[in-house]
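Colleague: Have a look; sequence and predicted model below, questions after that.
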Amino acid sequence: MSKKKDVVGVMDSAARETEGTEAAGKRRIGPKQVIDPFTKEWRDENKQERFKRLVEQRMTNLLRRFRQIRLLANKQQYSYTTEDAGKVIDTLHEAVDAVRQAFAGGRQAQTGFKL
């Protein structure tokens, strides 16, 4: 069996075992496999490592998106009302509060955004 990796270098161990078979396309719950940067071998990724990898990726993406929202505040390029800006800021605060609550152990449903 060849040791292929997907785009981020992580592959479901069940997918690796069934690679090339009909079940390879089906998602299974189980430990994730990552390539160890030192040994270049596949190994199981623990929960802390998975959290760190994902939070770094997602926070980088989030901060990039925040910058894109911030660029919309350029009055030379865009026209918006004070109410529009307030809705954007309020929605961002609600999203941050939902994340804070989730990390504190609670859950809150987040809805979409409309001006």
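Modeller: That came through fine.
Colleague: Who are the packing partners of the strand or helix carrying Gln68?
Modeller: Following DSSP states H and E, one finds Gln68 within helix 47-71. Other helices and strands packing on helix 47-71, by 3 or more C-beta pairs under 8 Å, 6 or more residues apart in numbering; DSSP states H and E, are strand 32-35. Any C-beta I mention is one placed from the backbone N, CA and C, and that applies to glycine too.
Colleague: So what are the sheet partners of the strand it packs on and their directions?
Modeller: In the sheet, strand 32-35 lines up against strand 10-12 (antiparallel), strand 42-45 (antiparallel) (DSSP bridges).
Colleague: What part of this structure, helix or strand, is modelled with the least confidence?
Modeller: helix 13-17 (a mean of 50; mean pLDDT, DSSP states H and E).
Colleague: Just the buried positions in the helix holding Gln68, please.
Modeller: Residues of helix 47-71 classed as buried by neighbour count (16 or more other C-beta atoms under 10 Å): Arg53.
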